[in-house]
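Enquirer: A structural model of the following input is requested.
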Amino acid sequence: MIKKFINRLLGRKNDAARNNEPVVLGPKEHGIDPKLVSSNAIRVTQSLQEAGFKAFLVGGAVRDLLLGIKPKDFDVATNATPEQVKRLFRRAFIIGRRFQIVHVMFGQDLIEVTTFRGATADDVPKDAHGRVLRDNTFGDQHEDAVRRDFTINAMYYNPADQSVLDYHGGIPDIRSRTLRVIGVPEVRFREDPVRLLRVVRFAAKLGFTIDPATREPIKVMAPLINNVPAARVFDEMLKLLFSGHALACLQQLRKEGLHHGLLPLLDVVLEQPLGEKFVRLALGNTDERVRQGKPVSPGFLFASLLWHQVVEKWKAYEAAGEHSLPALHLAADDVLNAQTDKLALQRKIAGDMRDIWAMQPRFDRRVGKSPYKLLEHLRFRAGYDFLLLRCASGEIDEEIGEWWTEFQDADGPGRELLLARKLKKPGEKAGDAAPARKRRRKSSGTRAKTGEEGQAANPGAGGPGATND
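Expert: Model prediction:
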């Protein structure tokens, strides 16, 4: 009993792992389809092996292959040092401070190569909370396996003989769909608090259950995320939001108590009827675009997530006597300043968000030359897609979005007719605008049916802006 308890604490699942020897599975046992493996990843492992080094695919790529999913990225682990790896490839670049890695480029395809990491030294630099600051200690493969975060990410695949090396019971956990930290969860979370967010992302993305021992300390240790550099938190949030399961990830964040401080007031927004519907539409559309392999825009999505915070502050500034447009700009400044401190929003992303928000009042100006000028705006498409999300969520009348759908599709005379057409105003009887509404809906429906920029014409079926960039 004592031996089993110690093994459980250390993440050891069997005698082979305790003896630093992995369980080795052949092709028939693990069932990986070699056709799903990147040819460039195979080139990297083959080149390293021909030079006398060990080399394996590792991490999420092996996990996805075992699940029958074609990986988006391939990582390679080797006993070659970064300098030795770099000498073997024409386009290879050493990056990283905390732990050096090598990026090997094949055109636009990037293969990330890491040297086997050794056991963390007692004198490795750490902050006051136990977070490892710098660790370029190299070691053996079994030590590298211990250093990886979850059992399902600590398996190694050798394309040469199609074998899988499993040091910590990753295969059984994949088959039982369980997410488990290697070692003592509290220690591993202190070493790198970003693992708290990774737990959520993997659980939501893969539909796995978090092991009780792994889940127990999450809420208590959540404040440690505030000690992580904002740029790293932002990178992890992008991975979470563009995982293809963004809505599930945010729901899991709330469930585990990790949302506070990442997106201020997010919990409040999701509990407001309009805010919740708007955010769900934006996240659902983004998930659909990711699953379809279509481009997505960080600026558009963050603008969507934070829009109702902007609206709340906008109204407050107007109530305090500010004119509408200056009030909107002040509100945007407040929200962006708060987010920059928490998430290190890049300047381009913040600029895109500001442009999208600033365009919204301009969609109300449907007289004179204003609509023509707005059509020429570099970010018109993103602003228009955002407008349709507002319409779909019930924030504003759908007729506004329908009018803009017709206006951008119409020829010169058609646009003049639209400018002259009387739109339904608040309090107007439905019958007064019925003929115009019918014509506009027909035009919008035709646009959606043809599939031309379909996500803009039908936000519920597409996503935030293929042309947002």
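Enquirer: list the buried residues of stretch 371-391.
Expert: 371, 374, 379-391 (16 or more other CB atoms under 10 Å). C-beta coordinates here come from the backbone N, C-alpha and C atoms, glycine included.
Enquirer: now do the helices in the stretch 151-300 of the chain.
Expert: Assigned by DSSP state H, counting those that start in this stretch, the helices in the stretch 151-300 of the chain fall at 170-175, 185-191, 194-206, 212-215, 218-221, 230-241, 246-256, 266-270, 273-291, 298-319.
Enquirer: now the two most distant members of the buried residues of stretch 371-391.
Expert: 371 and 389 (19.7 Å; CB to CB).
Enquirer: for residue 202, which non-adjacent residue is spatially closest?
Expert: Closest residue to residue 202 apart from its sequence neighbours, by CB to CB, 6 or more residues apart in numbering: residue 179 at 5.6 Å.
Enquirer: now for residue 199: which residues touch it?
Expert: 150, 179, 181, 210, 214-215, 218, 256 (CB atoms under 8 Å, 6 or more residues apart in numbering).
Enquirer: give me that answer again for 10 Å
Expert: Contacts of residue 199 were listed using CB atoms under 10 Å, 6 or more residues apart in numbering, and they are 149-150, 179-181, 185, 189, 208, 210-211, 214-215, 218, 252, 256, 258.
Enquirer: and for residue 150?
Expert: Residue 150 neighbours (CB under 10 Å, 6+ apart): 11, 59-60, 63, 168, 170, 173, 178-182, 188, 195, 198-199, 202, 208, 210-211, 214.
Enquirer: roughly how far does it sit from residue 198?
Expert: 8 Å (CB to CB, to the nearest Å).
Enquirer: what is in contact with these two at once?
Expert: Joint contacts of residue 150 and residue 198 (CB under 10 Å, 6+ apart) are 179, 181.
Enquirer: as a whole number, average confidence for stretch 297-306?
Expert: Average pLDDT, stretch 297-306: 92.
Enquirer: so how far is that stretch off the chain centroid?
Expert: 12 Å (CA atoms, centre = their mean, to the nearest Å).
Enquirer: how about stretch 78-95?
Expert: Distance, stretch centre to chain centre, for stretch 78-95: 28 Å (CA atoms, centre = their mean).
Enquirer: and the contacts of that stretch?
Expert: Residues contacting stretch 78-95 (CB under 10 Å, 6+ apart): 43-45, 47-56, 58, 76, 96, 99-107, 110-116, 136, 138-141, 144.
Enquirer: kindly recompute the last result at 8 Å.
Expert: 44, 47-48, 51, 53-56, 100-106, 113-116, 138, 140-141.
Enquirer: just the buried residues out of the residues you listed, in ChimeraX syntax.
Expert: Filtering the contacts of stretch 78-95 down to the buried ones (16+ other CB under 10 Å) takes a single ChimeraX command:
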select :44,48,53,54,55,56,100,101,102,103,104,106,113,114,115,116,138,141
